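Asks: Below: sequence and its predicted model.
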Protein chains: 2
Amino acid sequence: MTKRNEPRDYAAGGGLLNRRVLLGAGMAFSAASATGAAAARLEIPEWSQYPGLPMSEYGQPSPHEGHVKRRVLGLYPEGIGDGAGVSFTPLEELEGTVTPNGLFFERHHSGIPEIDPERHELVVHGMVKQPLVFTVGELLSLPKVSRLAFLECAGNSLFNSLAEPQQRSAGEIHGLIGAAEWTGVLLSDVLDLAGVDPSASWVLAEGADAAKQSRSIPLSKVMGGDAMIALYQNGERLRPEQGYPMRLVLPGWQGSMQTKWLRRVKVTDGPTHTKDETSKYSLLQKDGKAQQFTFEMGVKSVITRPSPGVAPTRPGLYQVSGLAWSGAGRVSRVEVSADGGASWADAMLDGPALPKMLTRFRLPWNWDGAPSVLMSRAVDETGAVQPSRAEWYEPWAPGQLYHQNAIQAWALSVNGEVSNVYV
Amino acid sequence: MTKRNEPRDYAAGGGLLNRRVLLGAGMAFSAASATGAAAARLEIPEWSQYPGLPMSEYGQPSPHEGHVKRRVLGLYPEGIGDGAGVSFTPLEELEGTVTPNGLFFERHHSGIPEIDPERHELVVHGMVKQPLVFTVGELLSLPKVSRLAFLECAGNSLFNSLAEPQQRSAGEIHGLIGAAEWTGVLLSDVLDLAGVDPSASWVLAEGADAAKQSRSIPLSKVMGGDAMIALYQNGERLRPEQGYPMRLVLPGWQGSMQTKWLRRVKVTDGPTHTKDETSKYSLLQKDGKAQQFTFEMGVKSVITRPSPGVAPTRPGLYQVSGLAWSGAGRVSRVEVSADGGASWADAMLDGPALPKMLTRFRLPWNWDGAPSVLMSRAVDETGAVQPSRAEWYEPWAPGQLYHQNAIQAWALSVNGEVSNVYV
């Protein structure tokens, strides 16, 4: 069994193995431990001795998985503005790249409006030849397109902008992101029907929530072929908290621009400078100036296993796994370090690695039981590299917390506890 | 507006348009009708005038979408074997290619066993060097892979094997299929740990349901790199009705082999000839012989819109849309006819068209209001072509209903009603 228990194909320090090991045979991953008189274990359990539960019209998760839930964080005291806040996707409990709709993060500025889809309308107006009003049914009848894309809040990972590392789960730190297959109508098709004035250059998108969440979007993105009025998420109609009956999806861009409960699109000749792009969602620099329009989300990654709360308890062979993404296109490479950044190994990218979509990475790792610091670093197809904390902080004033995409470091102690550390 | 209302870029009879029209500008799709004093419509609806609903730990569909549900069809009278039967994915209500977990079809032989995941075990035994027993936690600790794949019941579309066309929805006829991103452990990794005897050639997989659903699987598929013990479906742990805590996923093969509630894998030197592959899931030929092992699902497609219950009510421009798949690999082409098969036009394949995964196709269509017969025909990368009804029936005895992949024809009447017709 020497071959099994002493892998030699190391790819970097701290026990990271060559990614091909994953596909090879004969690796004794630690957990495959139980052996013995297997046939003696084949008694019939009691749940196999009677007919089981019936079918159902709409399924739900196992009651044994009730701990897998969004972590809700209100911004105001209970009873006051309950609907304003965030709920985090529990990244460390999930696998693959598609986020189930029930666990897709929320960010509401004034709760979830109780829209009657029979009465909701989308108004297209401003610098157009012919203003148009669409019912939900009319939009549903237009030609549709589907696209897999991640959607990330501009304030994701904000806890990592605080002076001291917060001891929270991967999802509570980085879970203002999700990914889904969106289906809807191209925003360019709708604007083509209205006829855009040749001198127009931006649009204003406004939601039907009480906060009237409103953002300005350059016409180049709107007409660029991937901006969508989404009606479906992962096959079914949007959930109320994701903008039912319709929302914008702008692949790769800030979540706050992807207007939920979309009620109007106004074509303009410049940005509207709404409250949501001046007092909020603008980035203060060291020199006292602010960046107002920062659309594209940067290249980023996070190791989800191991991470706080989900970690090995004894030395052995494990798989390091996480998510990587970039608003600029495809993830081309993810490197992993198990020695705090002293050495790096290339992870395997699992799946088709689609542009502006979450990409799952995996790498085998032989943990010898010593304290370790695990990190991941993503590179996208434009060559952009995920920054270190120091590199990320360089341009910003203290307290700036949007577009936080610095490398995450997880420290593993000898007893298998994982903590958030700043490297 | 002549250009808008009289498209000229016809691709086939019955009003099918060139697929490039979809991406072009200025097409007045019929539903884009409402115009007028758009600004006057901008009064604030009541649901925008108060803070909305709060966040939640696990989201649910909109109460306005309660009609979108699985159609449950029990096989026995109420109260007797409630758990035996099927529930159909409502294909005509869904979009894209990913099936939401709550709406993924079911086929149970004896209901959903109420398994305690803390006590469930997977036994690997038979012709192996070392029999192994895995707890759920041990399997979760093994290296994982993710893969998008469809999963289709061998009995899908069985209603279309009846002598008279059944008037049911697209989902009720063809909805014993779903597609998901599956994550789990390669079955080959588990068998490598046990050490397969070189003279072994098959395995037996058995579920923990009361029916002990059991199938024989050739070792070539098991070790071929895509056979998986799935633990997650669309990011979250498997739902109870999909095999929680673990099931087999054998991309492209019959659903009944993809054992739910997997409890043992026995390595053998031949097929076991279980009840589920002799009296059931075997295909009777005209000559009185039966095909016992028919693993791979054929190349197939179905138009989901228009289809019974979801159809245009007035002439105009629409998008024809549907799903195509093949157990042999990628869908390479889908053709659509609007004149009962007299002429065909190539549909657009929307998305990455992954192997052994659902592929969404779309094509613009100018319905002139006359009776029409819509059909779709898929071709896969091996060159296999979806058969006509006559071609499909040719080898089989009357009553044979498995692997029904004949072309579906929908007849549209002048008043916009769609019916199932045999062409």
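Replies: Nice, I can see it.
Asks: Let me know whether stretch A:47-67 sits next to chain B.
Replies: Yes - Stretch A:47-67 reaches chain B (CB under 8 Å from any CB of the partner chain) through A:47-62, A:64-65. Bear in mind the C-beta positions are built from the backbone N, C-alpha and C, glycine included.
Asks: Could you write me a PyMOL select line covering just the buried ones among those?
Replies: The buried residues among the residues of stretch A:47-67 next to chain B can be selected in PyMOL (16 or more other CB atoms under 10 Å in any protein chain shown) with this line:
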select buried, chain A and resi 47+48+51+52+54+55+56+58+59+61+62+64+65
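Asks: Okay, and which of the residues of stretch A:47-67 next to chain B map to helices?
Replies: Assignment to helices by DSSP state H places none of the residues of stretch A:47-67 next to chain B there.
Asks: Filter the residues of stretch A:47-67 next to chain B down to the ones in strands?
Replies: Restricting the residues of stretch A:47-67 next to chain B to those inside strands, with DSSP state E as the criterion, leaves an empty set.
Asks: May I have stretch A:382-400 as PDB, with CA atoms only?
Replies: Written as PDB, here are the backbone C-alpha positions of stretch A:382-400 (Å, rounded to 0.1, in the frame of the first residue of the first chain):
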ATOM      1  CA  THR A 382      -7.700  38.900 -20.700                       C
ATOM      2  CA  GLY A 383      -4.600  38.100 -18.500                       C
ATOM      3  CA  ALA A 384      -6.000  39.900 -15.400                       C
ATOM      4  CA  VAL A 385      -4.700  38.300 -12.200                       C
ATOM      5  CA  GLN A 386      -6.600  38.300  -8.900                       C
ATOM      6  CA  PRO A 387      -4.700  40.800  -6.700                       C
ATOM      7  CA  SER A 388      -3.100  40.300  -3.300                       C
ATOM      8  CA  ARG A 389      -4.700  42.200  -0.400                       C
ATOM      9  CA  ALA A 390      -1.900  44.800  -0.600                       C
ATOM     10  CA  GLU A 391      -2.400  45.200  -4.400                       C
ATOM     11  CA  TRP A 392      -6.100  45.500  -4.000                       C
ATOM     12  CA  TYR A 393      -5.900  48.100  -1.300                       C
ATOM     13  CA  GLU A 394      -3.400  50.300  -3.000                       C
ATOM     14  CA  PRO A 395      -5.700  52.800  -4.800                       C
ATOM     15  CA  TRP A 396      -8.500  53.000  -2.200                       C
ATOM     16  CA  ALA A 397      -9.300  55.200   0.800                       C
ATOM     17  CA  PRO A 398      -9.900  53.400   4.200                       C
ATOM     18  CA  GLY A 399     -13.400  52.100   4.300                       C
ATOM     19  CA  GLN A 400     -13.900  51.600   0.600                       C
END
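Asks: Could you check it and say which residues are buried?
Replies: For stretch A:382-400, burial by neighbour count (16+ other CB under 10 Å) applies to A:384, A:386-389, A:392-393, A:396, A:400.
Asks: closest to chain B among these?
Replies: Set against chain B, the nearest of the buried residues of stretch A:382-400 by CB to the nearest CB is A:Gln386 (21.6 Å).
Asks: tell me the contacts of that closest one?
Replies: In this structure, A:Gln386 makes contact with A:298-301, A:376-379, A:405-407, judged by CB atoms under 8 Å, 6 or more residues apart in numbering or on different chains.
Asks: can you tell me which of those residues are in strands?
Replies: With strands defined by DSSP E, the entries of these inside them are A:300-301, A:376-379.
Asks: quick one: low-confidence parts of chain A?
Replies: Using pLDDT under 70 as the threshold, the predicted model of chain A has low-confidence ranges A:1-8, A:19-41, A:79-82.
Asks: At which residues are the helices of it located?
Replies: Remark: helices of chain A, listed N- to C-terminal, are A:2-5, A:136-140, A:170-174, A:187-194, A:219-222, A:389-393; assignment by DSSP H.
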